[in-house]
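Novice: Predicted structure and sequence below. I'll ask about it afterward.
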Amino acid sequence: MPKFLVLIAASLVFSACAFEKVEPWDREYLAEDKMQLVPDTLEYAFDEHIYFSNEAASGGQSVGGGGCGCN
Amino acid sequence: MTYRIAYVLIGLLLSFCVSATNAPSFELTGPAGPVSLQNYKGKVVFLDFWASWCPPCRKSFPWMNTLEKKYGRYGFTVVAINVDKHQTMAEKFLSRTPAAFAIGYDPNGHVAQAYGLKVMPSSFLIDRNGNLVVEHKGFRDKDKKRLEDRIRKLLARE
Amino acid sequence: MQLKKLPIRSALTLATCTLLGTGQSQADDDSDWNMDISSLYYAENERVTVNKLQSILSRDNGEGEKLDFSLVYDTMSGASPNGRLYTGDSNTNSVSVTTASGFAFDVSGGTSAQSGSQPWLTEFKDTRVALNVDWSKPVMRNFTTHWGLSASVENDYNSFGGNMSANIDMFQKRTTLTLGAGMNLDSVDPNGGIPEGLGRLECADSTPNIPNWIDCDAPVTRYEAGEKIVNDYLIGLTQVWNRYTLMQFNYAYGNITGYLTDPYKQVSVIDNTFDGEIAILYEKRPDVRQRQSVFWKMVRHRIRDVYRLSYRYFWDNWAVRAHTVDFRYRWELSPKHYLQPHLRYSRQTAAGFFGTHLSSDDELPDYFSADNRLGEQNTYTAGLKYGVKLGSNGEIGLRVEMLQQHYLNNPLPDMEVLVVQGSVSLNF
């Protein structure tokens, strides 16, 4: 099971993998709400609480940038 | 007499300090016809780069409308260049946030590139001689006054 | 307390999450205020049920400055495994056990202390209220700071904390560096106080083979409230990978000191000759925990749909090692509504001091816990969310998730959980 998931993950990553320098005027997709690292704060908070209550591992996420890069 | 010479000398020095680069010319299509920088020679131009996906742009448009209304008769004009890849997105934005100034479409970002755009939105001030005088990155409420002062100074120059 | 409290780490990330609006504001909304309300129903099969209500009120001044107020109200009730050896449900009242020394036998029933058909479960009921305030402030064009305060109160547990983080944008905002730190002070105060770790709760009536490290006669020492200090640090890098992709790389370090034991958790002491539980002890955990994790996330736009994939590797000085993979695919049915399937898989190794029970022929360990959450387990999650956009006024959503937690080398049966979450987000 884990190996299968690793394969799916790897294929998803490689399909997205090409690294490109993105100009400030090319950020139309990155600017969308649904492209935020965590688009739904409450859903994220609930999930963190559920898994923190049931597992030994927790946390690790935070926010960085992305977005429209405006201002 | 000495004060006059001093002012002239300072003026000359300042004109060297300020970048005297020619603002890159462009010719774009727009919703109200073609938009070309040549046509604005002799005017002070506030050149703004905007996009439908840029939230601060929605705030800057009403302010730019006010500027156009206030200073248009003194030889001032706002030219707003849109960098949306799809014109329909720009048109949708304009229907909600109307513009009383010239709009040009730059879907491939060539003009943005020529101006070395570093962040969205950005605005440039071009003096009556076609020189690129100011590059202003971003748009915030607190920037409005400072920009307006610079516009007035450029309009006052001959 | 079975369901653990939201630690500062989550509070830290929650705080910085609510401030996500900075630099990533909605292209569609001109409003300053936003209200999110969400209700969650969580039900484990024949065990714990939780109802959660949370709301966040946000004010965005449009210049990157944002203030969020969050209020949470939880009610929890049900029965949760207390760490005593699982002896089946009311129908099958015995289970096979192998001790460390290699004896295999059937264990049945329990001691007189907690009689009932399921001595391995403890009933509880609790209510929690939590409040968070988060403030986002741009200091310079490419530098934003976030500050947060949090407080959580329930019957026997309090948590108070603060956090701060800085986002630094570089290379025309293609790269963002995040530095965060948080601190929390927690205190647990059960009825009667904290029991002595590995102290005796109960001995069986007839006492054969009680090991000399259990004192069946002396009264159990109890202490006042147990406190702990949690310190968390995070360094992260978000990189615009291409026009459609965003990637995030984080490293987090946490240090917790103080009373880390769960005062309600117990340990069965089994004797193979007696063929049953001869004593019940309280668990005991070390008073220091250092945990670390590396986290990777990718968000990718497919012109209409968006998917996100993340992986976390976690390790701590309790010997726990955990892998977690999470995948969400947002399938845009139309610009107005979407479906989002969700898959998550996590697996963890047991803590060094974890065991399902102690044996009379064992030596007394320094630390021991039979809390299944510290044991070897796999958790599988599958969920589906349906969302409807209300134009620029907000969004409503409904999410259903199913979890299955499987315990390895542990007679405890799988836990199945149903989660239903409804949420409303309004801009005004």
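Specialist: Great, that's in hand.
Novice: Around C:Asn317, how many other residues sit close by?
Specialist: 14 (other CB atoms under 10 Å in any protein chain shown). Where you see a C-beta, it was placed from the backbone N, CA and C, and this is true even at glycine.
Novice: which residues touch it?
Specialist: Counting by CB atoms under 8 Å, 6 or more residues apart in numbering or on different chains, C:Asn317 touches C:288-291.
Novice: Could you do C:Ile229 as well?
Specialist: C:Ile229 is in contact with C:183-186, C:256-258, counting by CB under 8 Å, 6+ apart.
Novice: Can I get the buried part of the residues you listed as one ChimeraX selection?
Specialist: To isolate the buried subset of the contacts of C:Ile229 in ChimeraX, counting by 16 or more other CB atoms under 10 Å in any protein chain shown, use the following:
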select /C:183,184,186,256,258
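Novice: Please enumerate the helices of the chain.
Specialist: Went with chain A since none was named. Secondary structure of chain A, counting by DSSP state H: helices at A:2-16, A:41-54.
Novice: should've been chain C
Specialist: Applying DSSP H to chain C gives helices spanning C:8-18.
Novice: low-confidence ranges in it?
Specialist: Counting by pLDDT under 70, chain C contains low-confidence ranges at C:1-31, C:88-117, C:205-208, C:274-275.
Novice: Tell me where the longest strand sits in it.
Specialist: If you go by DSSP state E, chain C has its longest strand at strand C:121-140.
Novice: Mind listing the residues bridging to whatever residue of chain C ends up closest to chain A?
Specialist: When scored by CB to the nearest CB, chain C has C:Thr238 as its residue closest to chain A, at 2.4 Å. With DSSP bridges applied, C:Thr238 shows beta-bridge pairing to C:Thr176, C:Gln248.
Novice: these two touch, right, it and C:Thr245?
Specialist: No: C:Thr238 lies out of contact with C:Thr245 (CB atoms under 8 Å); the separation is 11.3 Å.
Novice: The residue nearest to C:Phe354 when sequence neighbours are not counted: what's it in contact with?
Specialist: Distance criterion CB to CB, 6 or more residues apart in numbering or on different chains; nearest residue to C:Phe354, sequence neighbours excluded, is C:Leu374 at 4.6 Å. By CB under 8 Å, 6+ apart, the contact set of C:Leu374 is A:56, C:318, C:320, C:350-351, C:353-354.
Novice: cool, A:Trp25 as well?
Specialist: With CB under 8 Å, 6+ apart, A:Trp25 has these contacts: B:49, B:51, B:83, B:109, B:112, B:117, B:120.
Novice: most surrounded residue in those?
Specialist: B:Met120 (31 neighbours).
Novice: my read is that one is in a strand, agree?
Specialist: No: with DSSP: H, G, I helix; E, B strand; the rest coil as the criterion, B:Met120 is located in coil rather than a strand.
Novice: Quick one: residues contacting the spatially closest residue to B:Asp143 that is not a sequence neighbour.
Specialist: With sequence-adjacent residues excluded and distances taken as CB to CB, 6+ apart, B:Asp143 is closest to B:His136, at 6.7 Å. B:His136 makes contacts with B:122-125, B:143, B:147, as judged by CB under 8 Å, 6+ apart.
Novice: Now name the helix or strand holding B:His136.
Specialist: Assigned by DSSP states H and E, B:His136 falls within strand B:132-137.
Novice: Buried residues in that strand, which are they?
Specialist: With burial defined by 16+ other CB under 10 Å, the residues of strand B:132-137 counted as buried are B:132-134, B:136-137.
Novice: What is the burial count for the spatially closest residue to B:Lys137 that is not a sequence neighbour?
Specialist: Leaving aside its chain neighbours, B:Lys137 sits nearest to B:Val119 (4.8 Å; criterion: CB to CB, 6+ apart). By other CB under 10 Å, the residues close to B:Val119 number 22.
Novice: again with the one 3 residues further on
Specialist: Residues near B:Ser122, counting by other CB under 10 Å, number 21.
Novice: before we move on, what about B:Asn108?
Specialist: Per other CB under 10 Å, the neighbour tally for B:Asn108 reads 11.
Novice: Would you mind measuring from the residue lying closest to C:Tyr223 once chain neighbours are set aside to C:Thr261?
Specialist: Distances taken as CB to CB, 6+ apart place C:Ile194 nearest to C:Tyr223, at 4.4 Å, with adjacent residues excluded. According to CB to CB, to the nearest Å, C:Ile194 stands 8 Å off from C:Thr261.
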